[in-house]
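Enquirer: 3D model of this:
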Amino acid sequence: MLIEVFKYVLIALFTIVMICSALNSIRSRRTPDPHLAGLYRSWTNIWMGSMLILLALILMFVYSGSTLSVIVEALFLVMGAYNVFAGIRNRSYYARIKQRSSDASA
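Expert: Numbers count the residues shown, from 1 in each chain. Reported below is the predicted structural model:
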C-alpha cells in the first residue's frame, strides 16, 4: 500500500519536473540575452538531471531487480547526477556573469 502511494508521488513529481524542464528550455530559446539564455539552460540541466534521477527511482519500484534493469537504473542515476552537477556549475557561472554585467552598467 505504502509503496503504491510512493510510486504515484514519484510519478507526480516526475510530471512536475518534466514541465519545469520544458518551460525553462522554451524560455532559453526565446530570450535574446545570451547570458539569460545560459542561465535558463542551466536550470534546464538541473531539471533534466532531477527527471533522470526520478525516472531511475520509479524504475526501481516498478520492475523487479533483473541485471538489465539494475544497469539501466544505475546509468540513469549517474547521468542524472552529472546533469544536476553540471547545471549547478553552469548556473553559478552565468549568475556571476550576469551580476558583473549589471554592476558594470550601473
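Enquirer: contacting residues for the residue nearest the centre of the chain?
Expert: With distances taken as C-alpha atoms, centre = their mean, Trp47 lies nearest the centre of the chain, 2.0 Å away. Residues in contact with Trp47 (C-beta atoms under 8 Å, 6 or more residues apart in numbering) are 17-18, 20-21, 24, 87. C-beta here means a position set from N, CA and C on the backbone, and glycine is covered the same way.
Enquirer: Identify the farthest-apart pair in those residues.
Expert: Using C-beta to C-beta, those reach their maximum pairwise distance at Met18 and Gly87, which is 15.2 Å.
Enquirer: So the two - more neighbours on which side?
Expert: Counted by other C-beta atoms under 10 Å, Met18 and Gly87 do not tie: Gly87 has more neighbours, with 21 against 16.
Enquirer: tell me the contacts of the closest residue to that one other than its chain neighbours?
Expert: Leaving aside its sequence neighbours, Gly87 sits nearest to Asn45 (C-beta to C-beta, 6 or more residues apart in numbering; 3.1 Å). The contact partners of Asn45, taken as C-beta under 8 Å, 6+ apart, are 83-84, 86-87, 90.
Enquirer: Helices along this protein, start to end?
Expert: 2-30, 34-62, 67-105 (DSSP state H).
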